[in-house]
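A.B. asks: Give me coordinates for this.
(one chain, ligands or ions: 1)
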Amino acid sequence: MIRQCQPQDINRIYFISNEAAKAYDGTIPADCYHQPYMPLDELEQEMKRMTFFGWEINGELVGVMGFEPVKDVILIRHAYVLPEWQRQGIGSKLLNHLKGLVTTSRLLVGTWADARWAIEFYERRGFSLLPDKDELLKTYWDIPQRQVETSVVLGMEVGIDS
Ligand SMILES: CC(C)(COP(=O)(O)OP(=O)(O)OC[C@H]1O[C@@H](n2cnc3c(N)ncnc32)[C@H](O)[C@@H]1OP(=O)(O)O)[C@@H](O)C(=O)NCCC(=O)NCCS
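C.D. replies: Take a look at the predicted model:
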């Protein structure tokens with residue numbers, strides 16, 4: 001089941017993020033990958049900026065996704081499912097839940113250009129790669145220039161016909 005994460009979930013979110021992020025090792029540029037991929041103090045700051053939702057199995061979180069309203073858009077941030085639980089629909093359920101909470105006309109997600117599986121995950125769920133990604137990353141994200149260069153942005157228009 002899906003539930004909103006709380007500050008006391010931080011250690012579990014830290015574990016899930018860093019286990020799932022091992023998928024980036026050897027895939028994204030080497031200077032962009034480090035362990036822990038998401039340091040605890042950085043996660044603490046991120047949890048203040050956004051709301052995390054998690055998928056729980058037997059009372060334990062196994063996947064998380066962040067929902068961050070910024071200006072006139074919503075960003076999907078930090079989507080991570082534990083490796084042993086991947087490709088079983090958990091990421092899709094979290095994404096659908098977040099889509100249902102969107103109050104803006106645009107939902108955006110950024111990921112590494114080399115993370116083909118993540119791009120495919122979003123493309124198969126209604127997102128398209130956006131050509132103005134550098135502009136978008138600078139407007140809506142607060143990330144280093146190197147990450148801007150090595151990332152892509154996918155977007156989805158929501159609630160257009162409602
Ligand atoms: C991306 C991620 C959050 C998706 O969660 P999930 O629970 O695996 O997603 P679902 O089971 O709902 O959907 C799986 C789909 O995602 C894509 N996908 C996920 N992992 C994949 C992999 N290792 N190889 C290829 N495709 C993959 C495929 O399109 C797959 O569809 P398929 O199983 O029909 O081929 C999860 O795989 C993950 O944590 N990956 C590592 C970290 C990451 O890339 N995060 C994204 C940051 S934006």
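A.B. asks: so who does the closest residue to the ligand within the chain touch?
C.D. replies: Closest approach between the chain and the ligand, counting by C-beta to the nearest ligand atom: residue 91, at 2.2 Å. Bear in mind the C-beta positions are built from the backbone N, C-alpha and C, glycine included. Residues in contact with residue 91 (C-beta atoms under 8 Å, 6 or more residues apart in numbering) are 63, 65, 79, 81, 121.
A.B. asks: Can I take it that it is in a helix?
C.D. replies: Yes: under DSSP: H, G, I helix; E, B strand; the rest coil, residue 91 falls within a helix.
A.B. asks: pull the CA atoms of stretch 113-125 into CSV?
C.D. replies: The C-alpha coordinates for stretch 113-125 follow below in CSV (Å, rounded to 0.1, in the frame of the first residue of the first chain):
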residue,chain,number,x,y,z
ALA,A,113,20.6,10.9,-19.9
ASP,A,114,22.4,7.5,-19.6
ALA,A,115,19.6,5.9,-17.4
ARG,A,116,17.8,4.4,-20.4
TRP,A,117,15.6,2.2,-18.2
ALA,A,118,14.3,5.3,-16.3
ILE,A,119,13.6,7.2,-19.5
GLU,A,120,11.7,4.2,-20.8
PHE,A,121,9.8,3.9,-17.5
TYR,A,122,8.5,7.4,-17.9
GLU,A,123,8.0,7.3,-21.7
ARG,A,124,5.8,4.2,-21.3
ARG,A,125,3.8,6.1,-18.8
